[in-house]
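**Student:** This is a predicted model, with the sequence first.
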Amino acid sequence: MAKDTLNDAIELGINHLLEGYDNWEVASVLDKESEYFPNTLHWQYGHLLTVFELALSMVEQNEVDVGRYNQLFGYGTRPSDWGDTEVPEIEEILDHIKTLPERVGNLTSTQLETELEEPMIGCETLGELIALNAIHVPLHNGKIEEMTRVLKQI
C-alpha cells in the first residue's frame, strides 16, 4: 500500500471518529454500562488509541504509557475490571487520537519496514500493522455509533 494512501485512510477514519464524538453526543453515554455490550464507549476510544500506540511504540513514537493503557484498554479488558485504577479522561484520549494521522504520516519508509518480532494477525512489518489499524478504526467507529444509539434508548 502506498504511504500516501495509508495516511489518507488513517486521516479519514480518525476525522470521522472525532466528528462522530460530537455529532452523536457520545459524552452523554460515555461510561454507561449495559448488558448488551462488554465495554463502554470510553473503553472503545481508549482501545483504538492503545492499539495504535502499541504499534507506534515499536519505533518509539508512542505518546502514552503503552503498558498502562494496554492494562485498561487492551484486548480482553473491560471497565468492570478497572476498580479504583485511575483511568485517562476522554479528553486526554481524544487529544492523543487527534495526533495519530500526523504521527503516522511522519513515519519513515525505514520505520514502516521494521519487522515485527513475531507476526501479528498476519502482519510482518510495522507498515502492515499500521494498515491493519487503518481498518480497525472504522470497525470500532461503527461499533461506537451502534453503541451510542442503543445506550441512549435504554
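**Tutor:** Received it, and whenever you're ready, just let me know what you need. Residues are numbered from 1 along each chain as shown.

**Student:** what's the burial count for Asp4?
**Tutor:** The local packing of Asp4 (other CB atoms under 10 Å) involves 9 other residues. Every residue, glycine included, has its C-beta placed from N, CA and C.

**Student:** remind me, longest strand of this structure?
**Tutor:** For the chain, the strand with the greatest residue count under DSSP state E is strand 115-120.

**Student:** strands paired with it, and their directions?
**Tutor:** In the sheet containing strand 115-120, the strands it pairs with under DSSP bridges are strand 123-125 (antiparallel).

**Student:** Now do the partner strand, average pLDDT.
**Tutor:** Looking at strand 123-125 alone, the average pLDDT works out to 96.

**Student:** Start the count at 21 instead of 1 going forward.
**Tutor:** Shifting the count to begin at 21 puts that one at strand 143-145.

**Student:** now what about that strand, what contacts it?
**Tutor:** Contacts to strand 143-145, defined as CB atoms under 8 Å, 6 or more residues apart in numbering, come from residues Leu132, Glu133, Thr134, Glu135, Leu136, Leu149, Ala151, Leu152.
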